[in-house]
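>>> Following is a predicted model, sequence given first.
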Amino acid sequence: MTAAENVCYTLINVPMDSEPPSEISLKNDLEKGDVKLKTEALKKVIIMILNGEKLPGLLMTIIRFVLPLQDHTIKKLLLVFWEIVPKTTPDGRLLQEMILVCDAYRKDLQHPNEFIRGSTLRFLCKLKEAELLEPLMPAIRACLEHRHSYVRRNAVLAIYTIYRNFEHLIPDAPELIHDFLVNEKDASCKRNAFMMLIHADQDRALDYLSTCIDQVQTFGDILQLVIVELIYKVCHANPSERARFIRCIYNLLQSSSPAVKYEAAGTLVTLSSAPTAIKAAAQCYIDLIIKESDNNVKLIVLDRLIELKEHPSHERVLQDLVMDILRVLSTPDLEVRKKTLQLALDLVSSRNVEELVIVLKKEVIKTNNVTEHEDTDKYRQLLVRTLHSCSVRFPDMAANVIPVLMEFLSDNNEAAAADVLEFVREAIQRFDNLRPLIVEKMLEVFHAIKSVKIYRGALWILGEYCSTKEDIQSVMTEVRRSLGEIPIVESEIKKEAGELKPEEEVSVGPVQKLVTEMGTYATQSALSSSRPAKKEEDRPPLRGFLLDGDFFVAASLATTLTKIALRYVSLVQEKKKQNSFIAEAMLLMATILHLGKSSLPKKPITDDDVDRISLCLKVLSECSPLMNDIFNKECRQSLSHMLSAKLEEEKLSQKKESEKRNVTVQPDDPISFMQLTAKNEMSSKEDQFQLSLLAAMGNTQRKEAADPLASKLNKVTQLTGFSDPVYAEAYVHVNQYDIVLDVLVVNQTSDTLQNCTLELATLGDLKLVEKPSPLTLAPHDFANIKANVKVASTENGIIFGNIVYDVSGAASDRNCVVLSDIHIDIMDYIQPASCTDAEFRQMWAEFEWENKVTVNTNIIDLNEYLQHILKSTNMKCLTPEKALSGYCGFMAANLYARSIFGEDALANVSIEKPIHLGPEAPVTGHIRIRAKSQVIWLIFRALVPIKVF
């Protein structure tokens, strides 16, 4: 092990461009310089020793000329110096000079300044030489009675570490600290003393806790946290002790400290599964979420509530708290609201669904009254979807929900209105009794709909589900009202010709006569009016859509008119009325066709829309029974099949989830004995405090895959060749936003390499956190150097660099070994994600970066190839299994993934099996990739051919 590998508690930044001073100049500064010069010289000595220099000649100089000084900065630096300086001879014996140092420690432990005493006690915690500590024990014990709490609490820590490392130096430490704890008043001192007893003598800690268990609520929060830890450890090791301490945990749920409440609730859940305990813990979590202002805290505590819900026996307890959970919706953060609504939806039952719907309806109405904000629209969308799910699961609620939601069809936010429309379509198909109510409400809001997409959907619903003569007449009236005066072309030309109201003051410029496409005359005038005409705003909605060139809505209108006309014919026996209604419908279609062919709209009508409207005109002119069946029966059956398949899929996914959560024990399952269980198999039986500490340090133990290639060795990158003077290889460990490079450096020469430095640089959105310190390598010695790299986005990252060093005794320039590049596998940042079909389509339309990759593979099965793509790209297939089942020689699937930085990647796979080439023919087709940012698009464009083919 090199000097640089020794344990060090202090990190000092070293300027890379500074030249190391000579030992003689340092000795001169330490002997004859003033306090400022000595301080600088001592800093340089510390840096050189950290870099691997020995400097044995300076030890006595520092003892003679620096140690007696009373300057506080010097004293702090000396503590660092004594920590890192070698204190033993090569054979392991303590240096004789250290006796003088020991005397200086003793004097500092009796110093009148409490800071010097306390910092010396902290330093003694780091000493590993029993011979140095033994003469100091009386002075350390005396510090337990010092007037200042800073000294006392550090004295407790010093005694604890000395007892743990060298028990023979202070065998009565637990008894001494127990007596100290009984008489101590300061909270921080009591906390340190109690923590020592937990780890050194748990029985004494329990005895002390038993004497003051009723006063626990009055203790400071730092002591309460340690008490929670002790109770957890005791009950974890000895479950029979639970009854003794569970009341204390209940009391700590009422603590004024949020941290204590959080830990107490977590401990209570692990100690007891009684409904009262779970309810108390859940209530505590909910209070924390509501009262804490930090959104990160809210999300963490919400995750704990979700974990509670995953346990089947706890779910019923949480169902009673749904209304309390909904109080969290007062938080403005969208992510918190999203998780809360999902949790409430998972917990909803027939007992509380009515109350849940009332709260959600109030929240929906509230979103109308607040100032428009991006998150307000998204929140409204979330509420609509939650109400949708409630109504599907509990049909009785639909009647209460629909009137409130129907008002949002006229909302400016198209996404929320589209969700409402989807909900209404499902409700009107499933619940026959609600159809009259939905049709009535739809007719009320129809004229106020602002979005053409919503307008099309509303037209379809009205055309499909208006079954009475009165409703059909109402639909026709609304369509006429929305279309305005007809024929449209003539009325628009008249409007353009300038028919004005007499009360407006008008000045007319030069008049020019024009001939239109139809051969009629139009007059064009330059008008200036005191009240400018608002022709754009005054247009009825449907007329406005058509003049803007959106004729897809016209095709939808033609289908709706055809359906209601055919239905009207079957309802009304009077031939005159039948003909009149059909003629009116045909007139509307003809005037739209006329408008589409004219030059008035901003964009002309497309051929597809012309074909659709012409087809509807032909159907109405013939009125055949076959067409009647297709328009009025087959369409509805298609919707019914789609909704049934969707419901079946949802039920299947819910069943899978419930199967995962239900812990079933088979008759032949092995019985686990805790004493015989391997550490990595204990899962819930593991010490939660230890697990959380490991997680915070990034050392969470993961089970290695059975395949040895999936182990750490698979991620080792060779950086230099075996014949280079310095051999180097790196293990790349990716942990979310951090990359840790553990570089092994081996000196393959017979020379001592000084100032051996690993110099790294990065390409892409990678940032080197700190430069590795230089070190000295003995002949054929080796060392491990760690470097941290921060990741800012999913851009392909490259780390490159070199190793530079000086050869001891050589007069040549610095030597350099260039390292191979390290390419960061960006797939570590791509995670499968899910979204709705509507969201996928919206993102697909918005994302501008697209790439089309031609499939080139030896795989002959379509499903096998799809699974291969999913595995290679870390994407999730959004297309339902039912849609992919069966075999027709062709497959289309949508894939979606998201990076940990929130960047989306979409893919559409269109593949086929060329049957004419025989059964062994490989799969052919295309993969289309779309992304919002160029970075992630470039990554997938480069990776898909490599990984998939």
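Thanks, I have it.
>>> can we go C-alpha only for contacts and neighbour counts from here?
Will do.
>>> same for the host helix or strand of Arg242, what does it pack against?
Arg242 belongs to helix 242-252 when assigned by DSSP states H and E. With contacts defined as 3 or more Cα pairs under 8 Å, 6 or more residues apart in numbering; DSSP states H and E, helix 242-252 has these neighbours: helix 221-237, helix 258-271.
>>> Among those, show me which one is buried the most.
Counting by mean count of other Cα atoms under 10 Å, helix 258-271 has the highest mean neighbour count of the helices and strands packed on helix 242-252, with a mean of 22.
>>> Now that helix: average pLDDT?
Helix 258-271 shows a mean pLDDT of 87.
>>> report the angle between the axes of it and helix 242-252?
Calculated by axes from the mean of the first three to the mean of the last three Cα atoms, to 10 degrees, helix 258-271 forms an angle of 150 degrees with helix 242-252.
>>> what separates Ile822 from Ser773, distance-wise?
20 Å (Cα to Cα, to the nearest Å).
>>> same question, Asn908
Taking Cα to Cα, one finds Asn908 at 49 Å from Ser773.
>>> Compare the two and say which one has the larger neighbour count.
Ranked by neighbour count (other Cα atoms under 10 Å), Asn908 and Ser773 place Ser773 first, with 21 against 18.
>>> how about low-confidence regions in the stretch 301-450 of the chain?
Low-confidence segments of the stretch 301-450 of the chain (pLDDT under 70): 369-374, 413.
>>> could you pull out the helices for it?
Secondary structure of the stretch 301-450 of the chain by DSSP state H, counting those that start in this stretch: the helices cover 312-319, 322-325, 334-347, 353-369, 374-393, 398-406, 414-430, 435-445.
>>> The first one versus helix 334-347: what angle between them?
Translated: helix 312-319. Our comparison of helix 312-319 with helix 334-347, counting by the same axes, to 10 degrees, yields an angle of 110 degrees.
>>> starting at the chain centroid, how far to helix 312-319?
26 Å (Cα atoms, centre = their mean, to the nearest Å).
>>> contacts for that helix?
Outside helix 312-319, the residues that touch it by Cα atoms under 8 Å, 6 or more residues apart in numbering are 273, 275, 278-279, 282, 308-309, 347-349, 352, 661-662.
>>> Mind putting these into CSV with neighbour count and distance to Lys27?
Shown next, in CSV, are the contacts of helix 312-319 (neighbours: other Cα atoms under 10 Å; distance: Cα to Cα, whole Å):
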residue, neighbour count, distance to Lys27
Ser273, 13, 68
Pro275, 15, 72
Ile278, 23, 68
Lys279, 19, 69
Ala282, 27, 66
Leu308, 20, 65
Lys309, 21, 68
Leu347, 19, 74
Val348, 23, 77
Ser349, 18, 81
Asn352, 15, 81
Arg661, 13, 71
Asn662, 13, 73
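>>> Identify, from those, the entry nearest to Ser451.
Val348 (33.3 Å; Cα to Cα).
>>> Which residue, neighbours along the chain excluded, lies closest to that closest one?
Nearest residue to Val348, sequence neighbours excluded (Cα to Cα, 6 or more residues apart in numbering): Gln319, at 6.5 Å.
>>> what about the one you found, how many neighbours?
Using other Cα under 10 Å: Gln319 sits among 18 other residues.
>>> same question, Leu55
Leu55 sits with 13 neighbouring residues when counted by other Cα under 10 Å.
>>> That one contacts Ile49, doesn't it?
Yes: taking contacts as Cα atoms under 8 Å, Leu55 lies within contact range of Ile49: 7.3 Å.
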